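For reference, the sequence and a predicted model appear below.
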Amino acid sequence: MKESIFKAYDIRGLYPTEINEEIAYTIGLSYGSYLQEFCHKKKCVIGYDNRLSSPSITDSLIKGLLKSGINVVNYNMITTPMHYLTRYIENTYGIMVTASHNPKDDNGFKFSFDYLANARGQMIEDFKNYTFKGKFLTGNGLIEERNIKETYLKYLQDNIYMANKKLKVVIDPGNGVTTTIIKDAMQLFPNIDAHYICDENDGTFPNHHPDPAVEENMEMLKEKVLELHADCGIAYDGDGDRIGMVDEKGNFIMADKIMIIAVKALINEFKNKTILCDVKCSKALIDEVEKLGGKIFMNRTGTSFTESATKEKHILLGGELSGHIFFNDRGPEICSAIYAGLRILEILSKSSKTISQMLEDIPKYYSTPEIKIPCSNEEKFKVVNQVKEEIISQKLEYTDIDGIRFNINNGWGLVRASNTGPNITVRFEAQTNEELEQIKKEFMDLVLSKLP
């Protein structure tokens with residue numbers, strides 16, 4: 001087992017060289033022991049996505065869990081948000097076997113040690129150290145098989161208040177595990193005329209990479225929206241917790257703009273008008289929140305960090321550029337991309353405006369997508385620290401909660417180490433294209449000069 005598979009908020013790696021059945025068994029043995037020793041839990045819940053390696057990995061994981069003496073409730077193939085709902089219902093912690101939006105040959109484990117979110121930061125480090133010590137409990141746990149489908153559908157139905165306006169929507173589950181539930185979910189709402197692409201359950205993701213935060217993965221959705229003259233298009237990632245959108249004109253909408261739609265519609269209903277975003281989000285979101293009388297809490301990137309902060313601080317809406325959007329104002333918050341999409345459709349159903357019209361009056365900024373610069377896991381933090389020292393020496397205004405985000409020349413830049421892969425992530429934004437290109441060139445050159 002390589003230490004490098006333990007990331008900032010999950011365990012993830014290439015199957016079968018980094019993640020395999022033997023490692024899954026050890027993780028199960030360790031997790032079951034850890035829950036009993038330190039969390040005083042007698043049972044845990046398990047689910048898995050539709051990657052080809054997930055069933056066999058899950059079988060080995062469960063064998064390890066049972067050997068540790070912990071009881072297992074197996075919900076089988078489900079989305080990650082459905083797994084979060086099982087944790088809530090069973091009042092315990094658990095493991096979801098998934099590599100989320102990663103390529104088809106990756107796999108991994110999202111797991112929890114509290115009720116706020118998946119394990120993160122020091123929790124992962126502590127669990128890694130415990131696992132490598134190899135001193136596990138031995139027992140004979142029991143296993144039950146259960147189904148969460150109807151409970152999840154009721155959760156959606158009880159927390160979405162759709163108006164009667166008819167909406168034509170194109171849905172792209174990207175051949176991920178949301179294919180197993182999305183049609184049942186959309187049929188709950190008679191005003192939604194749903195059309196589907198990439199809707200076969202296929203863990204090889206044959207049509208495109210399952211990450212709706214990347215515009216090139218949304219081309220099929222754009223084309224179908226325009227072909228059908230749909231009101232919008234919605235896409236999900238491989239395990240169902242990231243959302244992407246396309247407006248009625250076929251324009252890609254990044255997650256921070258999806259949040260702006262929600263903020264404009266909902267902030268006046270919120271007593272707590274603090275909105276959480278991660279360091280990658282556009283200043284347009286910050287401007288809009290402040291214009292509407294709210295304030296921004298900027299957080300480090302990572303779904304576990306975003307979700308835990310949203311809940312701890314009783315923030316009613318939080319999100320990050322990667323497509324995780326947290327509505328914390330109705331029912332249990334479970335980071336469901338299907339639910340987030342339905343909340344936006346609810347807003348659309350109550351408005352005379354189109355999606356593009358909802359966004360036409362927001363401040364205009366020019367920005368790059370996330371740019372990923374390959375850099376080994378061993379070197380990436382060192383490089384980011386060197387860049388940070390250089391930026392601080394320039395006496396720029398900055399925040400360093402996650403890498404460094406700095407303001408310069410009517411714009412800003414971000415340089416941070418990726419939580420999930422051997423990359424440095426950079427992003428730039430400015431009020432004009434010319435300023436954007438200047439900022440991008442100067443600080444891309446700076447980052448590249450520090451690479452080993």
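Structure's in. What do you need? Residues are numbered from 1 along each chain as shown.

So residue 110 lies in a strand, does it not?
Yes - counting by DSSP: H, G, I helix; E, B strand; the rest coil, residue 110 falls inside a strand.

Which residues does it form beta bridges with?
For residue 110, the beta-bridge partners are residue 96 (DSSP bridges).

give me the number of residues near it?
Residue 110 has 27 neighbouring residues, counting by other C-beta atoms under 10 Å. Placement of C-beta: from N, CA and C, glycine included.

What confidence value was assigned to it?
What the model reports for residue 110 is a pLDDT of 98.

Tell me which residues touch it, please.
By C-beta atoms under 8 Å, 6 or more residues apart in numbering, residue 110 lies in contact with 9, 10, 80, 83, 95, 96, 98, 100, 118.

can you do 7 Å?
Going by C-beta atoms under 7 Å, 6 or more residues apart in numbering, residue 110 touches 10, 80, 96, 98, 118.

now swap in residue 96 and tell me
Residues near residue 96 by C-beta under 7 Å, 6+ apart: 47, 80, 83, 110.

Repeat that for residue 390.
Contacts of residue 390 by C-beta under 7 Å, 6+ apart are residue 446.

Make sure it is indeed in a helix.
Yes - judged by three-state DSSP, residue 390 forms part of a helix.

Distance check, it against residue 415.
10 Å (C-beta to C-beta, to the nearest Å).

How about residue 208?
Taking C-beta to C-beta as the measure, residue 208 and residue 415 are separated by 28 Å.

One more: residue 301?
12 Å.

and what of residue 183?
Distance check for residue 183 against residue 415: by C-beta to C-beta, it reads 42 Å.

quick one: which helix or strand includes residue 413?
Element membership for residue 413 (DSSP states H and E) is strand 411-417.

can you map out the strands along the stretch 201-350 of the chain?
With DSSP state E, counting those that start in this stretch, the ranges of strands along the stretch 201-350 of the chain come out as 232-236, 243-247, 252-253, 274-278, 295-299, 317-319, 325-327.

contact partners of the third one?
Spelled out, that is strand 252-253. For strand 252-253, contacts defined as C-beta under 7 Å, 6+ apart pick out 215, 218, 245, 246, 247.

ok, which stretches of this structure are helices?
21-34, 54-68, 80-90, 122-133, 149-159, 182-186, 219-228, 255-266, 283-291, 303-312, 337-349, 355-359, 380-393, 433-450 (DSSP state H).

Quick one, which of those gets closest to residue 4.
Residue 4 sits nearest to helix 122-133 of all these, at 10.3 Å, using C-beta to C-beta.

What score does the closest residue in space to residue 438 that isn't next to it in sequence have for pLDDT?
Leaving aside its sequence neighbours, residue 438 sits nearest to residue 409 (C-beta to C-beta, 6 or more residues apart in numbering; 6.6 Å). According to the prediction, residue 409 has pLDDT 84.

about what we covered before: residue 208 and residue 415: who's more crowded?
residue 415 (26 against 20).

beta partners of the more buried one?
Beta-bridge pairing for residue 415 (DSSP bridges): residue 404, residue 426.

and it, what is it in contact with?
Residue 415 neighbours (C-beta under 7 Å, 6+ apart): 384, 387, 403, 404, 424, 426, 443, 447.

again, only this time at 10 Å
With contact set as C-beta atoms under 10 Å, 6 or more residues apart in numbering, residue 415 has these partners: 373, 383-384, 386-388, 390-391, 403-406, 424-428, 443-444, 446-447, 450.

contact partners of stretch 346-356?
Taking C-beta under 10 Å, 6+ apart as the rule, stretch 346-356 contacts 159-167, 169, 189, 191-192, 231-233, 245-251, 253, 257-258, 261-262, 264-266, 342, 344, 357-360.

Out of those residues, which end up buried?
Buried subset of the contacts of stretch 346-356 (neighbour count, 16 or more other C-beta atoms under 10 Å): 159-160, 162, 167, 169, 189, 192, 231-233, 245-248, 250-251, 253, 257-258, 261-262, 264-266, 342, 344, 358-359.

close enough to count as contact, residue 210 and residue 242?
Yes - the pair residue 210 and residue 242 passes the contact test of C-beta atoms under 10 Å, sitting 8.8 Å apart.

Of the two, which one has the most company?
More crowded of residue 210 and residue 242, by other C-beta under 10 Å: residue 210, with 32 against 28.

For the more buried one, list the residues it contacts.
Per C-beta under 10 Å, 6+ apart, neighbours of residue 210: 49, 51, 99-104, 172-178, 198, 203, 217, 235-240, 242.

6 Å - rerun?
Neighbouring residues of residue 210 by C-beta atoms under 6 Å, 6 or more residues apart in numbering: 101, 174, 176, 237, 238.

just residue 92 next, same as before
Listed by C-beta under 6 Å, 6+ apart, the contact set of residue 92 reads 41, 43, 44.

pLDDT score for it?
98.

any idea which residue sits dead centre in this structure?
The chain has residue 324 as the residue nearest its centroid, 3.9 Å off, counting by C-alpha atoms, centre = their mean.

that older thread, and among the strands of the stretch 201-350 of the chain, the most buried is which?
Most buried of the strands of the stretch 201-350 of the chain, by mean neighbour count (mean count of other C-beta atoms under 10 Å): strand 232-236, with a mean of 29.
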